[in-house]
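K.L.:
coords below, sequence missing:
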């Protein structure tokens, strides 16, 4: 039987990203996003639901997100679900938490909100012929695909 574990989310970050490094020096970043859902119930009343999701990014993607993303910024994330399991030290009970392992992302919002390039997956390599501004960031957005599959 075939299996599929894919997640696509668009939401606003709920806190500043937390960047740490493993003992081997690999960057790991934890952040949360809030995804909103609006609908009308059977009586026509507008309903609102917000889901809070924890996401972990690794390596270069973690470093890029830590550099440009702050609380409240919109972000598109692709990834997979992972179940974390641990024993609560205080109670001794087994605990579980479902989170997303980020595999690709794209900055959203207006161009003036950030100086970051729009990125899908790992940041593309820039050739020497492509101009950059004084920050060293390539702003040629024509090279980046829309990245959103709908």
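P.N.:
Yes, it's here. Keep in mind the model is a prediction, meaning the values are calculated, not measured. Numbering: from 1, shown residues only.

K.L.:
and for the protein, the residue most distant from the center?
P.N.:
residue 43 (35.6 Å; C-alpha atoms, centre = their mean).

K.L.:
what about the strands in the protein?
P.N.:
7-13, 18-21, 27-40, 46-58, 74-87, 94-107 (DSSP state E).

K.L.:
packing partners for the second one?
P.N.:
Based on contacts counted as 3 or more C-beta pairs under 8 Å, 6 or more residues apart in numbering; DSSP states H and E, the elements that strand 18-21 packs against are strand 27-40, helix 59-68. The C-beta positions use only the backbone N, C-alpha and C, and glycine is treated the same way.

K.L.:
let's see it at 7 Å
P.N.:
strand 27-40 (3 or more C-beta pairs under 7 Å, 6 or more residues apart in numbering; DSSP states H and E).

K.L.:
and the residue nearest the centre of this protein?
P.N.:
Most central in the chain (C-alpha atoms, centre = their mean) works out to residue 77, at 4.3 Å.

K.L.:
I'd guessed that one sits against residue 9; true?
P.N.:
Yes. Look at residue 77 against residue 9 with C-beta atoms under 7 Å: they come within range, at 4.8 Å.
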